[in-house]
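Peer 1: Model the structure of this input:
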Amino acid sequence: AVDRNVLVGVCAERSSEMMASLVAVLKAGGAYVPLDPSLPSDRLEYQLLDSGVSVVLAQRGSDAVVARLEAICATAGAAMPHIVWVTPTGDEVEAIECNASDEPLPLLVGADDLAYMIYTSGSTGRPKGALNTQGGVANRLHWMHATYPIDTRDRILQKTPYSFDVSVWELFWPFFTGARLVMAEPGGHGDSAYLARTMRAEEITTV
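Peer 2: Modelled structure (predicted):
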């Protein structure tokens, strides 16, 4: 079960499934750990084993990455985390709908509870899992909004890989005011021509 301060791995490309996974973890009171499928196997291995996550939300289509995670755990003699597929099959949808409630979740977390654990680059040694709290994220977002106010007319481009902390304000800042979040395609952050076309086509106001 996911509860306060429980670390949950999220293995998904930039997509609506990735966004839904991050929100689901936070709404349940947990803290997300990005397991970016584009990362090299040794980096994924280190993050998976070092974080000790017992649950991973995985995007359908990332079966090859899940197989990599299984191989990592088998080699290390570690327990494989429980995989929850973000896009359920028909039978799974029926089971979810039977057990779902329309009632909002109670407020489970406070300012000192964890929001995420994102790993440093490792440029000065082994990568370190940097923890940030709900209060830290809220303070950052309030500062962003006070300094660079946006409203429902704005369109924010999300281009930073979610394994980097800059992604946090891109992902959650629009929620403050109902601004539109436009997600770059997977890998799009490495193509400046694609980003320029997307900014024009989507009428991006903030990047």
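
Peer 1: Number of residues surrounding residue 106?
Peer 2: 6 (other C-beta atoms under 10 Å). C-beta coordinates here come from the backbone N, C-alpha and C atoms, glycine included.

Peer 1: For it, which three-state class applies?
Peer 2: Here residue 106 is recorded as coil under DSSP: H, G, I helix; E, B strand; the rest coil.

Peer 1: mind checking how far it is from residue 68?
Peer 2: Using C-beta to C-beta, to the nearest Å, one gets 37 Å for the distance from residue 106 to residue 68.

Peer 1: Scan the helices and strands of the protein for the one with the lowest mean pLDDT.
Peer 2: One helix or strand of the chain scores below all others by mean pLDDT, DSSP states H and E: helix 90-99, with a mean of 64.

Peer 1: What average pLDDT does the helix or strand just after that helix get?
Peer 2: Counting by DSSP states H and E, the element after helix 90-99 in chain order, helix or strand, is strand 114-119. Across strand 114-119, pLDDT averages out at 97.

Peer 1: now the strands for the chain?
Peer 2: 7-11, 31-34, 55-58, 82-85, 114-119, 129-133, 155-158, 180-183 (DSSP state E).

Peer 1: which stretch in these is the model least sure about?
Peer 2: Among the strands of the chain, strand 82-85 carries the lowest mean pLDDT (a mean of 87).

Peer 1: Relative to that strand, what are the paired strands and their orientations?
Peer 2: Counting by DSSP bridges, the strands paired with strand 82-85 are strand 55-58 (parallel).

Peer 1: Is residue 177 in contact with residue 145, as I believe?
Peer 2: Yes. Counting by C-beta atoms under 8 Å, residue 177 touches residue 145, with 7.4 Å between them.

Peer 1: residues contacting the spatially most central residue of the chain?
Peer 2: Nearest to the mean C-alpha position of the chain, by C-alpha atoms, centre = their mean, lies residue 22 at 4.3 Å. Residues in contact with residue 22, defined by C-beta atoms under 8 Å, 6 or more residues apart in numbering, are 10, 32, 162, 171.
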